[in-house]
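Undergrad: Using only what follows, build the 3D model:
(3 chains)
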Amino acid sequence: MAKWLVKTEPSECSIDDFAAKSGSSIPWDGVRNYQARNFMTQMAEGDEVFVYHSSCKHIGIAGIVTVTRSAYPDPGQFDPKSPYHDSKSTPEKPRWQAVDMAFERKLPRLIPLDELKSLPGLDNLPLVKKGSRLSVMPVSDEEWQIILKQAG
DNA sequence: GCCAACGTTGGC
DNA sequence: GCCAACGTTGGC
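TA: Predicted coordinates:
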């Protein structure tokens, strides 16, 4: 089972929003970056995903969600009224994909970015690289264990 | 709010 | 295909 990490602004969709809807799925949509989209299409039902809070007071990894539905065309791209509308996208040739995810658990504590940066073994994780804007990325089993262990 | 780093667009 | 200009991301 593959593992992943997604970035989100908690004001948009936080781990607590997932927790509040525990037992039901939330669409992960609005991704408009090709590399991130390509990773999303590789997600499978049951994959675990770290949720990272960005652009906020407490930046870091906050919890874990599970993929409940693999990639399907992101509806927003077809809707002219959607902020995620893409005029070059058609239902026959969709450009962007969404997945569904559901709450699994919060980490015992939030792991701040500076802590992630200082941990050995995470050097290859795009998240900790300066200037990286990739919002969906794979996490190796080794990286996953390092982060879980750090959470306590 | 600032600004460096990045991805995308479009003229050539 | 190059690359300057632009808009966005995201830590600080």
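Undergrad: what residue ranges in chain A score low on pLDDT?
TA: Nowhere does chain A drop to pLDDT under 70.
Undergrad: what residues does it put near DNA strand B?
TA: By C-beta under 7 Å from any atom of the strand, the part of chain A that sits against DNA strand B consists of A:33-35, A:129-134. C-beta coordinates here come from the backbone N, C-alpha and C atoms, glycine included.
Undergrad: List the residues that contact A:Asp29.
TA: A:74-76, A:84, A:96, A:98 (C-beta atoms under 8 Å, 6 or more residues apart in numbering).
Undergrad: Go ahead and build a PyMOL selection from the buried members of these.
TA: Buried residues among the contacts of A:Asp29 (16 or more other C-beta atoms under 10 Å), as a PyMOL selection:
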select buried, chain A and resi 74+76+84+96+98
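Undergrad: out of the residues of chain A next to DNA strand B, what pair is the most spread apart?
TA: A:Tyr34 and A:Lys130 (21.3 Å; C-beta to C-beta).
Undergrad: So for these two, which sits in the more crowded spot?
TA: Set side by side, A:Tyr34 and A:Lys130 show more neighbours around A:Tyr34, with 10 against 5, by other C-beta atoms under 10 Å.
Undergrad: How much space separates that one from A:Asn124?
TA: According to C-beta to C-beta, to the nearest Å, A:Tyr34 stands 20 Å off from A:Asn124.
Undergrad: A:Tyr84 versus A:Val31, what's the distance?
TA: Note on A:Val31: its distance to A:Tyr84, by C-beta to C-beta, is 9 Å.
Undergrad: Within range of DNA strand C, give me the residues from chain A.
TA: Counting by C-beta under 7 Å from any atom of the strand, chain A sits next to DNA strand C at A:7, A:54-55, A:59, A:113-114, A:133-135.
Undergrad: about what we covered before: columns secondary structure on top of the contacts of A:Asp29, output as TSV?
TA: Shown next, in TSV, are those (DSSP: H, G, I helix; E, B strand; the rest coil):
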residue	secondary structure
A:Asp74	coil
A:Pro75	helix
A:Gly76	helix
A:Tyr84	coil
A:Trp96	coil
A:Ala98	strand
